[in-house]
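Trainee: Predicted model, plus sequence, below.
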Amino acid sequence: MKFVQIIDFETERIEEMRELSQEMDQTMDGHSGGPTRRLVLQDRTNPGHYLAVIEFDSYEEAMSNSDRPETAKFAERMAVLCTKAPSFTDCDVLDLTEFT
């Protein structure tokens, strides 16, 4: 079953956050079990508020990814860029519909 982690965060340094994400992408390139998709959303009402929706093939792969030292380092560096501590919501994907 697909699994999604939603990271709710606030930052005034979104460009630095993007650079950090790209750096993490390069670090994880070639490793199995990592995220399969990332969607970053910006709140239109509160422009400093963001949601990152990170998709994995399974809960087990997400937890394995969370246990990696690179992921812990990324989370620490991400928190420094945030104006308040990010929150994490773990979700099982019950339905996914792609419209063309």
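Mentor: Yes, it's here. None of these values were measured; they are calculated from a predicted model.

Trainee: What segments of the protein are strands?
Mentor: 3-11, 37-42, 49-56, 82-92 (DSSP state E).

Trainee: mind giving me JSON lines with those and columns for mean pLDDT and mean neighbour count?
Mentor: For glycine as for every other residue, the C-beta is placed from the backbone atoms N, C-alpha and C. As requested, the strands of the chain are exported to JSON lines (pLDDT from 0 to 100; neighbours: other C-beta atoms under 10 Å):
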{"stretch": "strand 3-11", "mean pLDDT": "98", "mean neighbour count": "18"}
{"stretch": "strand 37-42", "mean pLDDT": "96", "mean neighbour count": "12"}
{"stretch": "strand 49-56", "mean pLDDT": "97", "mean neighbour count": "18"}
{"stretch": "strand 82-92", "mean pLDDT": "96", "mean neighbour count": "12"}
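
Trainee: Quick one, which of those gets closest to F99.
Mentor: Shortest distance between F99 and the strands of the chain, using C-beta to C-beta, is found for strand 37-42: 15.1 Å.

Trainee: which secondary structure elements does the closest one contact?
Mentor: helix 14-28, strand 49-56 (3 or more C-beta pairs under 8 Å, 6 or more residues apart in numbering; DSSP states H and E).

Trainee: ok, and what's touching that strand?
Mentor: Defining contact as C-beta atoms under 8 Å, 6 or more residues apart in numbering, one finds that strand 37-42 is touched by I14, S21, H49, Y50, L51, A52, V53, I54, E55.
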